[in-house]
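Enquirer: attaching a predicted model along with its sequence, questions to come.
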2 protein chains.
Amino acid sequence: METNILTEQQFKAWRALHSIRMQLLPHLTQRLATHSELTEAEFLVLVSLYESGTPAVRAKDMCRNLTWEISRLSHQITRMEASGLVNKVDTPDDARGFQVSLTDTGKQAIERALPLQHLEIKHCFGDVLTAQQLDSLIEIAEAIRKHIEDEHKRQR
Amino acid sequence: METNILTEQQFKAWRALHSIRMQLLPHLTQRLATHSELTEAEFLVLVSLYESGTPAVRAKDMCRNLTWEISRLSHQITRMEASGLVNKVDTPDDARGFQVSLTDTGKQAIERALPLQHLEIKHCFGDVLTAQQLDSLIEIAEAIRKHIEDEHKRQR
DNA sequence: TCATTTTTGTTGACACGTCAAGTAATAATC
DNA sequence: GATTATTACTTGACGTGTCAACAAAAATGA
């Protein structure tokens, strides 16, 4: 309770969120690097592609899916094309955009990494929490999403 | 439910956590940049110093406080010293380490930023959630912390 | 149809974070 | 007290993420 703006409980919860972020996420990205030699950003792009069910995904759609901005994706795809995980393809209907597709290497990488990473998530997140706690998280995310959306829309 | 490793609920909760991370945190760091011209890393260092109550904090202690590794702090302090927010001082008793102290600029910056940022946190986090949800977060963080600590200790 | 606006993406600069390799001082051990 | 191990930090390389400035295609609309 540094100031009296936040209540004690609010402050503790904020620190709790920070703690989750600083402990769980680095741990998981490290595991991912160890068992699959993928960074988190690479993993997210590959999952997004893999789960789309389509051979190629348009950049702007992937951005919406990942909640990334286009500049971030552009940089990331440039790097991943260089390392051979994805290909960049022109869109047939719109000469501005591009599509991203999995290479064979990329497909193998994600098919190997996905179950391993889900095991990690289960082990140090899913199985560590109670059903009530999992439900709370889902509610919390929704409450925050709604709030931010209202803020955002007003600003734009 | 992409694979059947995680239960549906676990998977949704995992996505919820991801959603919180991707929506709330960028929003808050952007606000911080807007109202105080500080990055999140700068803010965290300044808060750590300010709340220590001492004129200077030793690097390793600040690392423990922030859950940062020393390399990260070293880089960060180098940048912040260049921009005039902190000073680097030799420790009196141990010639290996260094201490960090607030400059006047840094002190003014944090005294201005802290209440503003707490208002933001209250507005889009603390006041958005119920008391039960706040308590859940505190419990969740503790459960994860304990789990990771056990994992970590075994590995070291 | 022509001009304007919007959408889509690129690029460069810069701050950030991690890793691995190194250095130097202190602590521990014999 | 000399050797060894540990601690505390530095540095460089590299992947990441944001911002602002830019470019070009597509949609809008007068």
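Expert: Ah, there it is.
Enquirer: these two touch, right, A:Gln9 and B:Asp135?
Expert: Yes - assessed by CB atoms under 8 Å, A:Gln9 is found in contact with B:Asp135 at 7.2 Å. C-betas here are computed from N, CA, C, even on glycine.
Enquirer: how far away is the residue nearest the centre of chain A from DNA strand C?
Expert: The geometric centre of chain A, computed from its C-alpha atoms, lies nearest to A:Leu44 (CA atoms, centre = their mean), at 5.2 Å. Separation of A:Leu44 from DNA strand C (CB to the nearest atom of the strand, to the nearest Å): 16 Å.
Enquirer: give me the contact list for the least confident helix or strand in chain A by mean pLDDT.
Expert: Ranked by mean pLDDT, DSSP states H and E, the weakest helix or strand in chain A is helix A:131-155, scoring a mean of 86. The contact list for helix A:131-155, computed with CB atoms under 8 Å, 6 or more residues apart in numbering or on different chains, reads A:126, A:129, B:9-10, B:12-13, B:15-17, B:19-20, B:23-24, B:27, B:124-125, B:128-129, B:132-133, B:136-137, B:139-140, B:143.
Enquirer: buried set for that helix?
Expert: Going by neighbour count (16 or more other CB atoms under 10 Å in any protein chain shown), the buried part of helix A:131-155 is A:133-141, A:143-145, A:147-148.
Enquirer: same list (these) but as CSV, adding distance to A:Arg112.
Expert: Below are the buried residues of helix A:131-155 laid out as CSV (distance: CB to CB, whole Å):
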residue, distance to A:Arg112
A:Gln133, 30
A:Leu134, 27
A:Asp135, 32
A:Ser136, 33
A:Leu137, 28
A:Ile138, 29
A:Glu139, 34
A:Ile140, 32
A:Ala141, 29
A:Ala143, 36
A:Ile144, 33
A:Arg145, 32
A:His147, 38
A:Ile148, 35
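Enquirer: in contact with A:Phe84, which residues?
Expert: No, residue A:84 isn't Phe; it's Gly. A:103, A:105-106.
Enquirer: up against DNA strand C, what does chain A have?
Expert: Contact residues, chain A versus DNA strand C (CB under 7 Å from any atom of the strand): A:26, A:30, A:33, A:58-60, A:63, A:70-71, A:74-75, A:77-78, A:88, A:91, A:94, A:96-98.
Enquirer: of the residues you listed, just the buried ones, PyMOL syntax please.
Expert: PyMOL command restricting the residues of chain A next to DNA strand C to the buried ones, with burial defined by 16+ other CB under 10 Å:
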select buried, chain A and resi 58+59+63+77+98
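Enquirer: so which of the residues of chain A next to DNA strand C sit within strands?
Expert: A:58, A:88, A:98 (DSSP state E).
Enquirer: tell me what the second one is bridged to.
Expert: In this structure, A:Lys88 has the following beta-bridge partners (DSSP bridges): A:Val100.
Enquirer: go ahead and confirm it touches A:Leu102.
Expert: No - contact criterion CB under 8 Å: A:Lys88 and A:Leu102 do not qualify, at 11.8 Å.
Enquirer: if we can go back for a sec, quick check, nearest of the contacts of A:Gly84 to DNA strand D?
Expert: A:Gly106 (13.2 Å; CB to the nearest atom of the strand).
Enquirer: tell me the pLDDT of that closest one.
Expert: A:Gly106 is assigned 95 on the pLDDT scale.
Enquirer: check the one 3 residues further on too.
Expert: Reported pLDDT at A:Ala109 in the predicted model: 95.
Enquirer: that one contacts A:Ser36, correct?
Expert: Yes - using CB under 8 Å, A:Ala109 makes contact with A:Ser36 at a distance of 6.6 Å.
Enquirer: out of those two, which sits in the busier spot?
Expert: Neighbours of A:Ala109 and A:Ser36, each counted by other CB atoms under 10 Å in any protein chain shown, are more numerous for A:Ala109; the result is 21 against 18.
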